[in-house]
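**Q** What follows is a protein structure lacking sequence information:
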């Protein structure tokens with residue numbers, strides 16, 4: 001027994017599809033109390049898969065509870081099918097028409113709101129597009145300046161390296177001369 005929002009929402013069709021995909025036999029039927037009765041025969045594994053697959057919660061269907069009881073299969077069901085009552089077809093058509101009317105109204109509201117949004121934002125998109133173009137131009141200018149700065153940086157680094165090399169050579173010569181003077185001083189002071 002399945003309870004919840006399970007009648008007049010296409011629930012039995014989903015149950016039939018799931019049961020047939022699992023190779024089960026039996027039937028599904030609306031009950032006068034608002035529940036849905038499901039009798040299915042097959043392997044325990046596939047019956048458990050069916051129980052899991054039919055715990056549906058979506059826009060229309062909302063299964064609250066599934067009460068299940070397992071017993072030996074009778075073999076009385078050659079296929080799996082949906083059982084319908086004598087008045088169901090007419091009621092289903094009436095329900096379908098009401099749902100269709102609600103959908104049409106909803107689509108009209110969405111179309112109207114979309115049209116309003118587009119008219120409001122139409123000019124805004126053009127302005128935004130212009131601003132984005134300006135931003136991209138500024139970004140290109142910044143990248144050009146960055147490239148120039150990197151070129152100058154490379155040049156400056158080269159000059160600093162040359163100055164370091166020159167300074168090192170100059171200091172090495174000076175130290176060599178100082179060392180020479182010191183050596184001469186030591187030799188003169190020796191007895």
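**A** Yep, that arrived. These numbers come from a predicted model, not from an experiment.
**Q** just for the protein, where's the confidence low?
**A** Applying pLDDT under 70 to the chain picks out residues 87, 89-92, 94, 120-126.
**Q** Name the single longest helix found in it.
**A** What stands out as the longest helix in the chain, according to DSSP state H, is helix 88-189.
**Q** measure residue 117 to residue 57 for me?
**A** 31 Å (C-beta to C-beta, to the nearest Å). Where C-beta positions appear, they are placed from N, C-alpha and C, glycine not excepted.
**Q** Sorry, wrong one. I was asking about residue 174.
**A** 89 Å.
**Q** go on, residue 68?
**A** Using C-beta to C-beta, we find residue 68 at a distance of 18 Å from residue 57.
**Q** got the angle for the helix or strand hosting residue 19 vs helix 88-189?
**A** Element membership for residue 19, per DSSP states H and E: helix 11-21. Put simply, helix 11-21 runs at 70 degrees to helix 88-189, going by axes from the mean of the first three to the mean of the last three C-alpha atoms, to 10 degrees.
**Q** what helices or strands is helix 11-21 leaning on?
**A** Judged by 3 or more C-beta pairs under 8 Å, 6 or more residues apart in numbering; DSSP states H and E, the packing partners of helix 11-21 are strand 25-30, strand 36-41, helix 44-53, strand 80-83.
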